[in-house]
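Chemist: Got a sequence here, can you model it:
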Amino acid sequence: MAKIVYTIGEFAQKANVSIRTLRYYDNIGLLKPSDYSEGGHRLYSNDDLTILKKIKALQFLGFPLKEIKDMLEKNIVEGGALLNSLNDQKQIFEAKKQEIINILSDLTHMIELVESEELVNVEVFCAMLQKLMFEEDTEKWMKEHFSQDITDPIFKLNKSEEINLDKEWTKILSEIKQLSYDNVVPSSNEAQETIEELFQLMEETMKGNLTYIKEKLPSLESFHFPHPFTEKEQAFLKNAMGIYEKNK
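Modeler: Predicted coordinates for the structure are as follows:
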């Protein structure tokens, strides 16, 4: 049976590696071509493909190319070194697994958040998504500056409570943006009723500790909490909240 021969381009495509990688492997003596054409071009065989598969398998375990070359030449490896690499790779993929689980949880959360909405404000949606993405950072920051009896009730919510709270936030944030868009006067009844709802939601979110947290925040280093507001909307909100607090 005739020996199957591949050009470097054919071999690279079949092995799913780059031509540059094959040239590098040749230069360092890790995988040399079986033959050369009359014009001096590299030619590879199925035996070379078998060797390349071994190289890729050992790379998957995290071994450097220099060690892989030594392993292939000796056709043996210390069990301890192999065990260490297997354990390292297991830890890496366990971390990736947890990351995927967290992402799936966030996606499920956002699906439940918007599934009953006919129209969704993109800026509000992005702010809620960022809240989920950076929730660990927010929780860490809060725990560094506030006691456990304050932070635990805020962050230890069951999924149903968290979804319902986020739905309320999505609604109120959208309403504030709409009020600003409609050029509603901050002191109007409509604006002030919305601000009252906002303060009630803030109190609910902070589990009754809103006043204490607000008093302490100015003395702390800044932390960027995600929000969906433009400069115009922020000015409207600040004005409306100032009027509300002055009247109350």
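
Chemist: hey, which helix is longest across this protein?
Modeler: For the chain, the helix that runs over the most residues, judged by DSSP state H, is helix 79-114.

Chemist: Near residue 11, how many other residues are there?
Modeler: If you count neighbours by other CB atoms under 10 Å, residue 11 ends up with 24. Heads up, the C-betas are built off the backbone N, CA and C, glycines and all.

Chemist: which residues touch it?
Modeler: Residue 11 makes contact with 22, 44, 48-49, according to CB atoms under 8 Å, 6 or more residues apart in numbering.

Chemist: sorry, back to before: now do the longest helix of the chain: which elements does it pack against?
Modeler: Contacts defined by 3 or more CB pairs under 8 Å, 6 or more residues apart in numbering; DSSP states H and E place helix 79-114 against helix 122-133, helix 159-181.

Chemist: export the ones you listed to a markdown table and tack on distance to residue 114, mean pLDDT and mean neighbour count?
Modeler: Compiled in a markdown table, the helices and strands packed on helix 79-114 are given as follows (distance: least, CB to CB, whole Å; pLDDT from 0 to 100; neighbours: other CB atoms under 10 Å):
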| stretch | distance to residue 114 | mean pLDDT | mean neighbour count |
| --- | --- | --- | --- |
| helix 122-133 | 7 | 88 | 16 |
| helix 159-181 | 8 | 93 | 17 |
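
Chemist: Just give the closest residue to residue 4, not the sequence neighbours.
Modeler: residue 46 (5.4 Å; CB to CB, 6 or more residues apart in numbering).

Chemist: my read: that neighbour touches residue 10, true?
Modeler: No - here residue 46 does not reach residue 10: they are 11.9 Å apart, not a contact under CB atoms under 8 Å.

Chemist: Buried residues, the helix or strand of the chain at the bottom of the mean pLDDT ranking. List them.
Modeler: In the chain, the helix or strand scored least confidently by mean pLDDT, DSSP states H and E is helix 210-216, which has a mean of 85. Using 16 or more other CB atoms under 10 Å as the test for burial, helix 210-216 gives 210, 213.

Chemist: which helices and strands sit right next to it?
Modeler: Against helix 210-216 (3+ CB pairs under 8 Å, 6+ apart) you get helix 189-205.

Chemist: Run the chain-centre distance for the helix it packs on.
Modeler: 32 Å (CA atoms, centre = their mean, to the nearest Å).

Chemist: Then stretch 159-171?
Modeler: 21 Å.

Chemist: In CSV, list the C-alpha atoms belonging to that stretch.
Modeler: The C-alpha trace of stretch 159-171 is given here as CSV (Å, rounded to 0.1, in the frame of the first residue of the first chain):
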residue,chain,number,x,y,z
LYS,A,159,-33.9,33.5,43.4
SER,A,160,-37.6,34.5,43.6
GLU,A,161,-36.9,37.5,45.8
GLU,A,162,-34.0,38.6,43.6
ILE,A,163,-36.1,38.4,40.4
ASN,A,164,-39.0,40.3,41.9
LEU,A,165,-36.7,43.0,43.3
ASP,A,166,-35.0,43.3,39.9
LYS,A,167,-38.3,43.6,38.1
GLU,A,168,-39.3,46.5,40.4
TRP,A,169,-35.9,48.2,39.7
THR,A,170,-36.4,47.7,36.0
LYS,A,171,-39.8,49.3,36.2
